[in-house]
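S.K.: Attaching a predicted model along with its sequence, questions to come.
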Amino acid sequence: MLAWPSGSFQTRRTTVDHAAASATQRIIDQVAQCPSGALSIRTEDSIERAAAATPITMEVQANGPLLVKGTVQIKHADGRLEQKDTQCAICRCGHSENKPYCDGSHRRTGFQG
Ligand code: FES
């Protein structure tokens, strides 16, 4: 979830300074470019769309993660519940530092599968 709409926010890899931009659209564009679904925006409209969800699809990426597309709830080992509204990338290689999500480590380790 992102801070909205003032200031800036930082992800593990990107700092988005939207103070100098046409704020809302720049943020929406940045989030839309996130291939893993780690960035998301939750608005009243998106919550309604999630409620009328389309079927969940899963795509196995060659030598990479499992892309899960659609609204899913992930129950973590500690019982914490997390909702992903667009897509998320689930690690298949076992080397992610951010399990169950892919952090790109499959490239570094040369995962084949
Ligand atoms: S599949 Fe990407 S880190 Fe494991």
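M.R.: Cool, the structure landed. Since the structure is predicted, the reported quantities are computational estimates derived from the model, not experimental observations. Numbering: from 1, shown residues only.

S.K.: Could you use CA atoms for every contact and neighbour count after this?
M.R.: Noted.

S.K.: what about the strands in the chain?
M.R.: 8-10, 15-17, 57-60, 66-69, 72-75, 81-84, 87-90 (DSSP state E).

S.K.: Please work out which of those is packed deepest.
M.R.: Ranked by mean neighbour count under mean count of other C-alpha atoms under 10 Å, the strands of the chain are led by strand 87-90, which reaches a mean of 24.

S.K.: is it anywhere near the ligand?
M.R.: No. Against the ligand, strand 87-90 shows no contacts by C-alpha under 6 Å from any ligand atom, the least distance being 6.6 Å.

S.K.: who touches stretch 82-102?
M.R.: Residues from elsewhere that reach stretch 82-102 (C-alpha atoms under 8 Å, 6 or more residues apart in numbering): 36-38, 40, 46, 50, 64-76, 103-106, 109, 111.

S.K.: could you pick out which of those residues are near the ligand?
M.R.: Restricting these to those within reach of the ligand (C-alpha under 6 Å from any ligand atom) leaves G64, P65, D103, G104, S105, H106.

S.K.: any idea how far N98 is from P55?
M.R.: Distance, P55 to N98, by C-alpha to C-alpha, to the nearest Å: 26 Å.

S.K.: more neighbours, those two?
M.R.: N98 (12 against 9; other C-alpha atoms under 10 Å).
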